[in-house]
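Enquirer: Take a look and give me a structure for this.
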Amino acid sequence: MKKILVTGGLGFIGSHTVVELQNKGFEVVIIDNLSNTTIDVLGQITEITGTKPDFHQIDLRIKNDVKDFFKNNHVDGIIHFAAYKAVGESMGEPLEYYENNFNSLIYLLQEMRDRKLDNFIFSSSCTVYGQADKLPITEEAPVKAAESVYGNTKQVGEEIIKDTSKAHNINAIALRYFNPIGGHPSIKIGELPLGVPQNLIPFITQTAAGMREELSVFGNDYPTKDGTAVRDYIDVVDLARAHIAALRRLIDKKNKKSFEYFNVGSGNGSSVLEIINTFEKVNNIKLNYKIVGRREGDVVVAFADTAIANKELNWKTEISLEKTLETAWKWQLKQTV
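Expert: This next block holds a predicted model:
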């Protein structure tokens, strides 16, 4: 049985990926510093899969703690989620973002180099494309100057992996996510940000639940069908399964280059207002929202061309937007009971 390290494995995407890994027979070890999640998620994962993953509370910015972990644990692959991830917040806290997102990545790669470990999956982002010239966005689209500090950490992160991969013969795949939303159909895990949500869907669900007075829609003067920003929303379970597909590609030596990258999205663009309307319709609820000014660092339109990922990873999305928004609301209701 292959043993896979998942950093940030109690976070939103990480926890769903741990579940999918366990369901496919992998042994999982999790590192998480609990900065944006709680230890309760470990119990919820165990309830879903029947197997408790090995868990280590480690801050990956502390190099000696990273070294100690690898001294005592051999792994067959790493899926690296642990990172700060909010576009808006990153603009006001650049040094925290650079320290956290780069140091954790570098210390992991140094251990892989020194211990001759292989198979690295990096949680990247469509933010590397900035405001793309052509839509949908293919992997051929140029990586542009980042619109946000967060986006820059993903761009430079990919460069670090590419250079390391070449110099030290480490096989790696970066998955460039579009916008992950939703939750597990068991309603045992989902998106549960600590503090004020930075992403649209938890803001919608918390507003619907009466936890927040109103939802702010950032800008309605964009050159889009209804003036609001357009994104590609992907169900987190579909996204988690893309990681398993990428990991298998590396373990089975099917990769064509030592460093590859793939777009992971639904292939459909939805505006903020379309998401609000769909949420209201499937859950039979009215949302209190208001239009406010644009948010610094936001691109106007981004949605994926997933043809390459579909073919090379033998993966595609299966869960509809309606189903995803229904699950997200059920998850929110469970938190507020």
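Enquirer: What ranges does the stretch 151-300 of the chain have for its strands?
Expert: Shown for the stretch 151-300 of the chain, the strands assigned by DSSP state E, counting those that start in this stretch span residues 172-177, 179-181, 215-218, 230-231, 233-235, 259-264, 270-271, 289-292.
Enquirer: Distance from the next helix or strand after the last one to the middle of the chain?
Expert: Okay, so that is strand 289-292. Once strand 289-292 ends, the next helix or strand along the chain (criterion: DSSP states H and E) is helix 307-312. Helix 307-312 has its average C-alpha position 19 Å from the chain's average C-alpha position, going by Cα atoms, centre = their mean, to the nearest Å.
Enquirer: Residues contacting helix 307-312, please?
Expert: Judged by Cβ atoms under 8 Å, 6 or more residues apart in numbering, the contacts made with helix 307-312 from elsewhere in the structure are 138-139, 242, 249, 256, 260, 262-264, 315-316. Glycine gets a C-beta too; all of them are placed from N, C-alpha and C.
Enquirer: buried residues in it?
Expert: Buried residues in helix 307-312, counted by 16 or more other Cβ atoms under 10 Å: 308-309, 312.
Enquirer: just curious, which of those residues is nearest to L321?
Expert: Nearest to L321, judged by Cβ to Cβ, of those is A309 at 18.5 Å.
Enquirer: How many neighbouring residues does the spatially closest residue to the closest one that is not a sequence neighbour have?
Expert: Counting by Cβ to Cβ, 6 or more residues apart in numbering, A309 lies nearest to F262, which is 4.1 Å off, once chain neighbours are set aside. Residue neighbour count, defined by other Cβ atoms under 10 Å, stands at 24 for F262.
Enquirer: Contacts only, for F262.
Expert: With Cβ under 8 Å, 6+ apart, F262 has these contacts: 139, 173-176, 242, 246, 308-309, 312-313.
Enquirer: which residues does it form a beta bridge with?
Expert: Beta bridges link F262 to L175 when assigned by DSSP bridges.
Enquirer: check which helix or strand covers D68.
Expert: In this assignment (DSSP H and E), D68 forms part of helix 63-72.
Enquirer: Which other helices and strands does that helix contact?
Expert: With contacts defined as 3 or more Cβ pairs under 8 Å, 6 or more residues apart in numbering; DSSP states H and E, the secondary structure elements packing on helix 63-72 are helix 94-114.
Enquirer: for the worst-scoring helix or strand of the chain on mean pLDDT, which positions count as buried?
Expert: Of the helices and strands making up the chain, the lowest-confidence element is helix 87-92, at a mean of 90, by mean pLDDT, DSSP states H and E. Neighbour counts over helix 87-92 (16+ other Cβ under 10 Å) mark 87, 89-91 as buried.
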